[in-house]
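1. Let me see the structure of the following:
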Amino acid sequence: MAGVTYDAGALVAAERNNRTVWALHRRSLDRGLRPTVPAGALGQGWRRGPQAQLARLLKGCRVEVLDAARSHAAGAACARSGTADVIDASVVVGAAARGDLVVTSDRADLERIASALGVSVEVAAV
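-> Reported below is the predicted structural model:
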């Protein structure tokens, strides 16, 4: 595992003070790893007013932009996997490129996309 990528489910879990997410986050930071949060996943996870726990988590993270190249790759991943969630696909595309562990509440969908792309992505469910 090269690093960690959080999808929207991990962000929601962090806001709910999920111990598993926070323990993984602390271990990552202690190892000098800066977790990645894809911008689309951040948009899905940031749903209401001040979210103190999520804001605290994000201070230690790198937000990955959803640019044209990643958007094209995510769209192609949706086509190959028969799925419609471009954000899930962008999470898989980015994590696969980095060799990251993905922390998610949506394990089955992410594994389906990775399988269709023929890539290996380690997924941890929260």
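
2. Do a quick rundown of the helices in the chain.
-> Per DSSP state H, the chain carries helices over the ranges 8-15, 19-30, 39-45, 52-58, 68-81, 86-98, 107-117.

3. low-confidence ranges in the protein?
-> Across the chain, residues meeting the criterion (pLDDT under 70) sit at 1.

4. Which residue of it lies farthest from its centroid?
-> Ranked by distance from the centre of the chain (CA atoms, centre = their mean), the top residue is Gly49, with 21.5 Å.

5. what's the nearest residue to Thr104 if we skip its chain neighbours?
-> Leaving aside its sequence neighbours, Thr104 sits nearest to Asp7 (CB to CB, 6 or more residues apart in numbering; 4.4 Å). Bear in mind the C-beta positions are built from the backbone N, C-alpha and C, glycine included.

6. give me phi/psi at Ala84?
-> phi -120, psi -10 (degrees, to the nearest 10).

7. on that earlier part again, out of the helices of the chain, the one nearest Val126 is which?
-> Of all the helices of the chain, helix 8-15 sits nearest to Val126, with 4.4 Å by CB to CB.

8. by how many degrees do that closest one and helix 86-98 diverge?
-> Taking axes from the mean of the first three to the mean of the last three CA atoms, to 10 degrees, helix 8-15 and helix 86-98 form an angle of 90 degrees between their directions.

9. just to revisit the earlier point, same list, the helices of the chain, but as a markdown table with mean neighbour count and distance to Val123 please.
-> Shown next, in a markdown table, are the helices of the chain (neighbours: other CB atoms under 10 Å; distance: least, CB to CB, whole Å):
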| stretch | mean neighbour count | distance to Val123 |
| --- | --- | --- |
| helix 8-15 | 24 | 11 |
| helix 19-30 | 15 | 13 |
| helix 39-45 | 20 | 14 |
| helix 52-58 | 16 | 19 |
| helix 68-81 | 16 | 14 |
| helix 86-98 | 24 | 9 |
| helix 107-117 | 18 | 5 |
